[in-house]
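1. Predicted model and sequence below, questions to follow.
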Amino acid sequence: MSNRLVVVGSGAAGMSAASAARRTNSDLEIVVLESGNHAAYGLCGLPYYVSDVIAESDDLFAYRPEFFREKRRIDLRFGVEATRLDPDRKVLAVSQDGVGYEIGYDSLVLATGGSPIVPGALAAQSDRIFTVRNLDDAVRLHRLLDERNVRRALIVGGGYIGLEMAEALAERGVAVTIAEALPMVLPNFDETIGERVHAELVRNGVAVRLGCRVESAVDDGSCLQVSMGDERIEVDLMVAAVGVRAGSALGSDAGAVCGPGGALVVDEHMRTSLHSVFAAGDCIAPYHRILRRPAFIPLGPAANKTGRVAGVNAAGGEARFAGVLGTAVVKVFDLAVARTGLTLVEASAEGIDAIATQAVGKSRAKYYPGSESVTVRLIHRPDGRLLGAQMVGVGDGVAKRIDVAAIALQAGFDVSALLDSDLSYAPPFAPVYEPILLAAQAAGADQTSTTAGVAGTDRHGVKQ
């Protein structure tokens with residue numbers, strides 16, 4: 001009998017692991033267990049399906065289940081929930097259609113993803129409350145928007161998903177309110193960036209309530225009665241976008257070591273502390289290149305990469321994952337907002353002496369049609385070593401610029417090395433004075449300023 005690899009979870013990490021394992025070992029028996037009914041779809045595309053930018057939910061699938069079963073010879077099983085892991089016996093207890101049984105493995109990949117955090121106040125039984133963390137939930141929301149007169153919606157949480165859903169619902173003609181418990185939207189950015197995003201939301205008709213917690217939500221049959229402190233509002237639907245909790249219980253209950261966010265700790269080969277058990281995706285805390293320790297930052301690209309590495313190694317190959325920087329970009333109406341590495345707040349919380357230098361440039365030559373402002377905020381040590389970057393601007397001038405900063409961080413650049421970068425120029429695509437280089441130039445000037453070395457210094461550079 002050939003060796004058996006079992007993968008728990010058929011999302012980005014799970015199917016990447018199974019596919020990589022098949023490429024590594026053509027004779028391996030590969031079984032993927034999925035508690036839901038779908039595999040390998042674009043989770044990050046759900047808000048754009050809700051808004052009708054993506055016309056059909058089927059468009060979100062990378063491949064159909066038959067492709068994995070027939071072309072890659074992967075035994076993909078839906079409706080199977082893994083309930084208990086016995087690493088000593090190399091056995092999983094599972095439940096399917098109310099029937100329990102055990103399945104053995106030679107190697108195991110846990111790709112159990114993350115689950116949405118739903119505070120008790122939002123856990124009311126109502127078909128008007130959504131999390132938009134899986135395809136079924138998004139389809140249900142899309143159907144409600146199509147079939148009912150939805151006029152008002154409340155988004156609880158002002159992070160990535162909350163802002164994407166605010167735009168999606170606004171595009172469907174819904175009046176949107178965002179309730180964020182912290183003092184700013186996008187609380188994982190620095191305040192100056194959050195303020196710009198806040199203004200963009202308001203400009204597009206979104207009401208924003210900061211420092212606001214939802215205390216109760218009651219479905220009275222015609223709408224949701226929502227209490228937020230002294231305020232009481234009526235809405236036709238509510239989306240909980242408070243955050244994600246690592247789906248690590250299967251591994252942690254079996255004794256696997258966990259770290260930040262309760263996520264599974266893995267090495268560079270995606271091995272957990274349990275023998276022959278690997279993990280990938282939103283259930284893990286991979287190595288952070290700047291913090292130099294595990295960090296829980298659940299994002300799509302890392303899920304795919306860690307899934308591939310876990311699958312290769314679980315199948316007997318050799319692969320490694322060097323770690324994350326937390327690079328991300330989000331669309332908020334006409335703005336693109338991006339980050340990589342540490343913010344000034346995060347650096348200060350780590351006890352790192354840091355300076356934030358901010359500059360404003362143009363996305364294209366300023367005389368070329370469509371040129372827009374791009375704000376670049378570099379976080380660096382007093383000696384110039386880069387720690388992170390944040391960017392905000394209109395249109396397509398941000399997404400790939402943050403990738404330049406990410407590569408600079410990965411390479412260990414300081415601001416002078418970044419300033420020496422040989423970046424492209426043509427009026428339709430970029431100005432001669434590239435915004436990220438303007439920020440690097442200003443950051444170099446900060447190194448000689450009298451404030452250098454003071455933790456948490458925030459400086460603004462030149463504008464072009």
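-> Nice, thanks for sending it over.

2. Could you tell me the phi and psi values at the most centrally placed residue in the chain?
-> For the chain, Leu299 is the residue whose C-alpha lies nearest the centre (Cα atoms, centre = their mean; 3.2 Å). Torsion angles at Leu299 (phi, psi; degrees, to the nearest 10) stand at phi -140, psi 150.

3. Quick check: closest non-adjacent residue to it.
-> Ala328 (5.8 Å; Cβ to Cβ, 6 or more residues apart in numbering). (Each C-beta comes from the backbone N, C-alpha and C, glycine too.)

4. now Met238, what's its secondary structure?
-> At Met238 the chain is in strand, as set by DSSP: H, G, I helix; E, B strand; the rest coil.

5. give me the number of residues near it?
-> Counted by other Cβ atoms under 10 Å, the residues lying close to Met238 total 24.

6. So the residue nearest to Leu299 sits against Arg339, correct?
-> Yes - Ala328 lies in contact with Arg339 (Cβ atoms under 8 Å); the separation is 5.9 Å.

7. neighbour count winner among those two?
-> Taking neighbours as other Cβ under 10 Å, Ala328 and Arg339 compare with Arg339 leading, 28 against 18.

8. what's the domain layout of this structure?
-> 4-114+245-314, 118-240, 334-463 (automatic domain parsing).

9. For Phe321, find the nearest of these.
-> domain 4-114+245-314 (4.5 Å; Cβ to Cβ).

10. Contacts only, for the residue lying closest to Arg69 once chain neighbours are set aside.
-> The shortest distance from Arg69 to any non-neighbouring residue, by Cβ to Cβ, 6+ apart, is to Leu76 (5.7 Å). For Leu76, the contacting residues are 10, 18, 32, 34, 39, 65, 68-69, by Cβ atoms under 8 Å, 6 or more residues apart in numbering.

11. And Leu76, how close does it get to Ile30?
-> 9 Å (Cβ to Cβ, to the nearest Å).

12. Mind listing the shared neighbours of these two?
-> Joint contacts of Leu76 and Ile30 (Cβ under 8 Å, 6+ apart) are Ala18.

13. How far does stretch 260-279 sit from its chain's centre?
-> Its chain's average C-alpha position is 19 Å from that of stretch 260-279, according to Cα atoms, centre = their mean, to the nearest Å.

14. Report the separation between the two terminal residues of it.
-> This stretch, stretch 260-279, spans 15 Å end to end (Cα to Cα, to the nearest Å).

15. What degree of burial does the closest residue to Pro260 other than its chain neighbours show, as a neighbour count?
-> Leaving out its chain neighbours, the residue that sits closest to Pro260 by Cβ to Cβ, 6+ apart is Phe296, at 4.4 Å. Residues contacting Phe296 under the criterion other Cβ under 10 Å number 23.

16. Tyr425 now?
-> So Tyr425, with other Cβ under 10 Å, has 13 neighbours.

17. can I assume it is in contact with Tyr433?
-> No - using Cβ under 8 Å, Tyr425 is not in contact with Tyr433, being 9.2 Å away.

18. all strands in the stretch 1-150 of the chain, in order from the N-terminus.
-> With DSSP state E, counting those that start in this stretch as the criterion, the stretch 1-150 of the chain has strands at 4-8, 29-34, 75-78, 80-86, 91-96, 99-104, 107-110, 114-116, 129-130.
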